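**Student:** Build me a model from this:
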Amino acid sequence: MTKKVLVPIAEGTEEIEAVCIIDVLRRAGADVVVASVGEKTVTCSRGVKIVADKLLADCKAESFDMIALPGGIPGAENLRDSNDLTELLIQQAGAGGFFGAICASPAVVLQPHGLLENRQATSHPGFADQLAPNASIESRVVVDGNCITSRGPGTAIEFALKLVEILYGTENAKAVGEPMVLP
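**Tutor:** Residues are numbered from 1 along each chain as shown. Reported below is the predicted structural model:
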C-alpha cells in the first residue's frame, strides 16, 4: 500500500537531510511530495538547488500519512514562518498522523508551535537548549507516539529508515537499508 509523505523545503534547507528523506522514502515505495514554502526552486544551505514538485500552498487540501521536515538554517526558520505549513502540521498532529523533523527543525519548527509538548525529542545539539525541559535526549532518532525526531546530517539515513519502518514495517526498512546487489 502506497503511503503519501509531504517533505516541505525552503530556502536554506539542509540538502543532505532533504535528499535522504526523499530518496529513502521513494525507494520504499512512498509517494513523496516535495513542496516549497516559497519558490519552486530552492537554494539549500550549501548551495545545492532542489526543484520542488509543487508549492506548499497547493497542498493544503491534501492529506498525508506523514509530514517529514528537513532542518538547516535558515531553512528551518523559513519552514517555521510558513502559516500553511503550521496549519498542516497542527492538523496532522491533531489527527494522530505521523510527523517528524531533523536537525534544527524539532526546536525551531515543532517546539514553537507546541508540537513537542509532553514529548521526548531530540535535535541538533546546537538547538537542544530550545527544546522544552526534559524533552531533549541524546539518542540519534527518537520516536514518541506519532512524532519522530533526529539530530542532523549524520543521522539523516537512520532517520529516513525509521520513517520507512513506521510506514512500512521493519522488513521493508531493512530491505531499503541493505546494499543493493548489482547484476
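
**Student:** C-alpha only now, for contacts and for neighbours.
**Tutor:** Fine.

**Student:** which one is residue 162 nearest to, not counting chain neighbours?
**Tutor:** residue 173 (7.2 Å; CA to CA, 6 or more residues apart in numbering).

**Student:** With residue 54 instead?
**Tutor:** residue 35 (5.0 Å).

**Student:** that older thread, got the buried residues for the helix or strand encompassing the residue nearest to residue 162?
**Tutor:** Applying DSSP states H and E as the criterion places residue 173 in helix 170-177. For helix 170-177, the neighbour count (16 or more other CA atoms under 10 Å) marks 172, 173, 176, 177 as buried.

**Student:** Mean confidence (pLDDT) on stretch 27-39, please.
**Tutor:** The pLDDT scores in stretch 27-39 average 97.

**Student:** With stretch 153-171 instead?
**Tutor:** 97.

**Student:** count of neighbours near residue 70?
**Tutor:** 32 (other CA atoms under 10 Å).

**Student:** Any stretches of this protein with poor pLDDT?
**Tutor:** In the predicted model of the chain, residues 134, 181-183 satisfy pLDDT under 70.

**Student:** circling back: report the contact partners of the residue nearest to residue 54.
**Tutor:** Contacts for residue 35 were tallied using CA atoms under 8 Å, 6 or more residues apart in numbering; they are 6, 7, 8, 9, 52, 53, 54, 55, 56, 59.
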